[in-house]
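Trainee: this one's structure only:
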DNA sequence: GTGCAATATTGCAGAGGGTGCATCATTGTC
DNA sequence: GACAATGATGCACCCTCTGCAATATTGCAC
């Protein structure tokens, strides 16, 4: 009762808010997978999520964002801190890999299933790749800041911005590779492969 | 008169079409640089280009495409053929650099000035980065095909798709770097620098 | 140069995305 | 239970983009 609400607030208000956001993403993805992006209107998504169309836009800036479940992006705190401190292995390329894996893992926020669903939608609707990229651009500063922090303890061989771009391209490449090989296994398991390929191209 | 129109058709029709497209891009960029992307409507661009709003959409799919002058993307034939044949140097990383330089050079189609204007707009309006990316995705197959051709004469150390992604990320990184260093000099001159950085990150 | 076919431009009507604002309902607090 | 925040909603509205039908322009053959 008298407990001052922690940052990870879980009052009724907060819980409802998250449930709604989830419901919206759920409805959006289900409808889009069933009928295609252009055949689904915001009105329909709102109806399926049992909210008004106006409320939809209180949760997501655009229809595309809702479909991709883009709103939250929070790297795992443990991974983040370890990376900033120069770890976990000390070898930049290996540590970047860990970062990318974490990013892909926490990608769609909640579950594994949802993450793969997003990747499936991204392949079905290439238009959304642009949004996905834009979303990354919006959160790029976070990643840049992370590299900046690491730089103080272990100097980087490149500008933080370029480093951040590597993180993104590795994530994208892994997703691509996963799709190219028929969705086999787990997306994150494709990270090492594409990392090696990228390095090979640049040093060949 | 009786000359059968060559592929590079320059009848009155074709000339007018290009002039219009140019006029549209010109008007769009001028207005956006002056007032910002969201404060400019298609109607205004159309008026400035002396066409009807409806005709605008006969030329460009979206407002954003017009602002970026995105419609044509043609790698220099000489550069293309040399690359496909395994050249010009024979070292993949060096040849990719040449490719990226050519891409950045022919970027906005016409002149040097326009290319830099596009880059300036991209920095002012990050929203357009998504479109820029989408545009690349649409033309990615061309680049992939180019790598595939090269592969027959000189085996690649990576999938063509990953290679294409490298081309893109290098182009973006060079643009970024150019912007970060205060627009000094020519964009293409930043390619070597970011290439080295990228390689350094992945092999560190 | 006249006539015909192909191609472009345009206007119009309309669907759909997205926003600002005022109002009403719910939740948290004392 | 009263009061303040906060969120949901309805409404009016602007803008992007599309399909369609009508009209104008151009290329070409004669």
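Mentor: Looks like it arrived, so ask away. Bear in mind that the values here come from a model prediction, so they are computed numbers and not experimental data.
Trainee: For the longest helix anywhere in chain A, give the mean pLDDT please.
Mentor: Longest helix in chain A by number of residues (criterion: DSSP state H): helix A:127-153. In this model, helix A:127-153 has a mean pLDDT of 86.
Trainee: Any residue of it touching DNA strand C?
Mentor: No. Helix A:127-153 lies out of reach of DNA strand C by Cβ under 7 Å from any atom of the strand, never closer than 9.1 Å. Just so you know, the C-beta spots here come from the backbone N, C-alpha and C atoms, and that holds for glycine as well.
Trainee: for that helix, which positions count as buried?
Mentor: Neighbour counts over helix A:127-153 (16 or more other Cβ atoms under 10 Å in any protein chain shown) mark A:128-140, A:143-144, A:146-151 as buried.
Trainee: Name the nearest residue to residue A:150, ignoring sequence neighbours.
Mentor: Spatial nearest neighbour of residue A:150, excluding adjacent residues (Cβ to Cβ, 6 or more residues apart in numbering or on different chains): residue A:84 at 5.2 Å.
Trainee: separation between that neighbour and DNA strand C?
Mentor: 33 Å (Cβ to the nearest atom of the strand, to the nearest Å).
Trainee: Likewise for residue A:50?
Mentor: 13 Å.
Trainee: go on, residue A:16?
Mentor: Separation of residue A:16 from DNA strand C (Cβ to the nearest atom of the strand) stands at 6 Å.
Trainee: That residue: helix or strand, and which one exactly?
Mentor: Residue A:16 is located in helix A:12-35, with elements delineated by DSSP states H and E.
Trainee: what secondary structure does residue A:75 sit in?
Mentor: coil (DSSP: H, G, I helix; E, B strand; the rest coil).
Trainee: burial measure for the closest residue to it other than its chain neighbours, as a count.
Mentor: Leaving out its chain neighbours, the residue that sits closest to residue A:75 by Cβ to Cβ, 6+ apart is residue A:102, at 6.0 Å. Neighbourhood size, residue A:102 [other Cβ atoms under 10 Å in any protein chain shown]: 18.
Trainee: quick one: average confidence on the helix or strand hosting residue A:102?
Mentor: Using DSSP H and E, residue A:102 sits in helix A:92-105. Averaged across helix A:92-105, the pLDDT comes to 86.
Trainee: Tell me the buried residues in it?
Mentor: So helix A:92-105, judged by 16+ other Cβ under 10 Å, has buried residues A:92-93, A:95-105.
Trainee: picking up where we left off before, does the residue nearest to residue A:75 touch residue A:82 like I think?
Mentor: No. Residue A:102 lies out of contact with residue A:82 (Cβ atoms under 8 Å); the separation is 9.9 Å.
Trainee: wait, doesn't residue A:167 sit right on residue A:96?
Mentor: Yes. Assessed by Cβ under 8 Å, residue A:167 is found in contact with residue A:96 at 6.3 Å.
Trainee: for the helix holding residue A:16, packing partners?
Mentor: The contact analysis (3 or more Cβ pairs under 8 Å, 6 or more residues apart in numbering or on different chains; DSSP states H and E) places helix A:12-35 against helix A:42-48, helix A:53-59, helix A:63-68, helix A:112-124.
Trainee: now do 6 Å
Mentor: helix A:42-48, helix A:63-68 (3 or more Cβ pairs under 6 Å, 6 or more residues apart in numbering or on different chains; DSSP states H and E).
Trainee: Show me which residues of chain A sit near DNA strand D.
Mentor: A:13, A:16, A:17, A:20, A:51, A:52, A:54, A:55, A:58, A:59.
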